[in-house]
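Participant: Let me see the structure of the following:
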Amino acid sequence: MPHKQELEFITIPDAPLGAIVTLPAGIIDPADLNDEDFQKLKEGLLTHSVLVIPGQENLSPRSQYKITKRMDPTCEGGYGHSKEFRHDKSVLRRDGVSVPDQPQVQVLGQGTFKGHYGMDSITLRHPTHFDFHQKPLTDDEVSNGYTRFYRWHIDSALYGLSPPVCTTLLGIHVPKTTETMKIKYEDTKEEIEIAQAGTAFFSGANAFDALSDEDKELALGTTVEYAPHPYIFISPARATSDGVTMVSDCKEIPLSELPEWEESKVKRLPMVWTNPVTGRHQLQIHGACIYKMPRPDGTILQLEEARKQAYRLIRPAIAPKNIYVHPWKKGDLALFHNQGVLHSVTGQFAEGETRLMHQCNIASGVDPVTVRN
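Facilitator: From the prediction side, this is the model:
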């Protein structure tokens, strides 16, 4: 009798995180997994941080939404960034459009597409560092194949809504290219070669484990306070060349000039979130949106010092040995533990190149917590 194919996780070779998923025999759509296998999928997600299920180019927005929502029974069904995603001053405003019949699913990519899920014509723009970093690459560097990490982040509104547990990202149309790009670390002069416009990830658990004992204790007792409407607050500012945080040169929108906000909706989250499956502590700081940093000794680091501290803790985590950059193929469905990794867009496309992707994340009903051992 032939062996029945079961749900299987194969770790990605030579990567510090991530696994490829083989679905059970007879299952094409991951939304059709029974409760037992879906629980295994969720445990695999929280264990490996990033899962890739190949061959999902026909996955419907409805199924993608169901998979994402099923990962967190507390989520209420809305989008993880709420209305701020479309605000005309938000740094997120040009990053995608919603699927009409499944608005929790965002359409991302590059180029113009007609007739996609009932939309007459949509023009998509791949985010690049050129209009976000303080000092973009020169024309010569770009012509020599260089790119940047755009912004290391957690998918979350970080105001009024809790960070989603899981983000799903589906590659529907991916350019057939073998082109690679290079990222140069300006402070160490290291270089890595990546697939064009790959998505980069690092593990918050690995980042925490790499801290000194002193920094671990500091991180475990520190809170990260985010700005009200943080993506609007930072919109005039510019990022560091590695996308870890923002440069402090007083360009942020004053709080008094932001859209109306409520103190009760300001997010104050632990710097360290504990993984409910592995029990590992995870360093989770959205360096671009940070506003203040209350520390265990009662001091509160204000904006510039909070950014410096966030940078000091995060920067080692993006070293080449610590990241996985996914090379997209048509039909790849990536699920990542949004409360356990940070990720970044990379790359840029030449004129005429197109890419089409679907993304879904849903705000959790509860904030992540630190559980002291």
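
Participant: tell me the secondary structure for Phe130?
Facilitator: Look at Phe130: counting by DSSP: H, G, I helix; E, B strand; the rest coil, its state is helix.

Participant: can you pull the contacts of the closest residue to it other than its chain neighbours?
Facilitator: Leaving out its chain neighbours, the residue that sits closest to Phe130 by Cβ to Cβ, 6 or more residues apart in numbering is Pro136, at 4.8 Å. Quick note: C-beta positions are derived from backbone N, CA and C, even for glycine. Taking Cβ atoms under 8 Å, 6 or more residues apart in numbering as the criterion, Pro136 is in contact with His129, Phe130, Arg148.

Participant: Low-confidence bits of the protein, can you list those?
Facilitator: Across the chain, the ranges flagged by pLDDT under 70 are 1-4, 77-95, 177.

Participant: ok, Ile323 touching Thr199?
Facilitator: No: taking contacts as Cβ atoms under 8 Å, Ile323 lies outside contact range of Thr199: 10.4 Å.

Participant: Just give me the closest of the contacts of Pro136 to Gly352.
Facilitator: Nearest to Gly352 among the contacts of Pro136 is Phe130, at 18.0 Å by Cβ to Cβ.

Participant: any chance you could map the helices in the protein?
Facilitator: 35-48, 61-70, 139-143, 204-209, 213-220, 230-233, 303-314 (DSSP state H).

Participant: Please name whichever of these is nearest to Thr346.
Facilitator: Nearest of these (Cβ to Cβ): helix 139-143, 13.2 Å.

Participant: Check which residues of that closest one are buried.
Facilitator: Along helix 139-143, not one residue counts as buried under the neighbour rule (16 or more other Cβ atoms under 10 Å).

Participant: mind checking how far it is from the chain centre?
Facilitator: 27 Å (Cα atoms, centre = their mean, to the nearest Å).

Participant: What helices and strands are in contact with it?
Facilitator: Using 3 or more Cβ pairs under 8 Å, 6 or more residues apart in numbering; DSSP states H and E as the contact test, no helix or strand touches helix 139-143.

Participant: How about residues contacting it?
Facilitator: Lys184, Gln348.

Participant: Figure out the length between the terminal residues of stretch 176-191.
Facilitator: Counting by Cα to Cα, to the nearest Å, you get 24 Å between the two ends of stretch 176-191.

Participant: try stretch 305-321
Facilitator: Using Cα to Cα, the two ends of stretch 305-321 sit 28 Å apart.

Participant: Residues contacting it, please?
Facilitator: So stretch 305-321 is in contact with 16, 149, 152, 185, 187, 190, 192, 200, 202-204, 206-207, 210-211, 215, 219, 224, 240, 242, 244-246, 248, 283, 285, 287, 290-293, 301, 322-323, 342, going by Cβ under 8 Å, 6+ apart.

Participant: at 6 Å what do you get?
Facilitator: Stretch 305-321 is contacted from outside by 190, 192, 202, 207, 210, 244-245, 248, 285, 287, 290, 292-293, 301, using Cβ atoms under 6 Å, 6 or more residues apart in numbering.

Participant: could you pull out the strands for the stretch 151-300 of the chain?
Facilitator: Remark: strands assigned in the stretch 151-300 of the chain by DSSP state E, counting those that start in this stretch are 166-173, 180-184, 191-195, 199-203, 223-226, 268-270, 272-274, 281-283, 290-294, 300-301.

Participant: The last one - contacts with which helices or strands?
Facilitator: In terms of contacts (3 or more Cβ pairs under 6 Å, 6 or more residues apart in numbering; DSSP states H and E), strand 300-301 is packed against strand 290-294.
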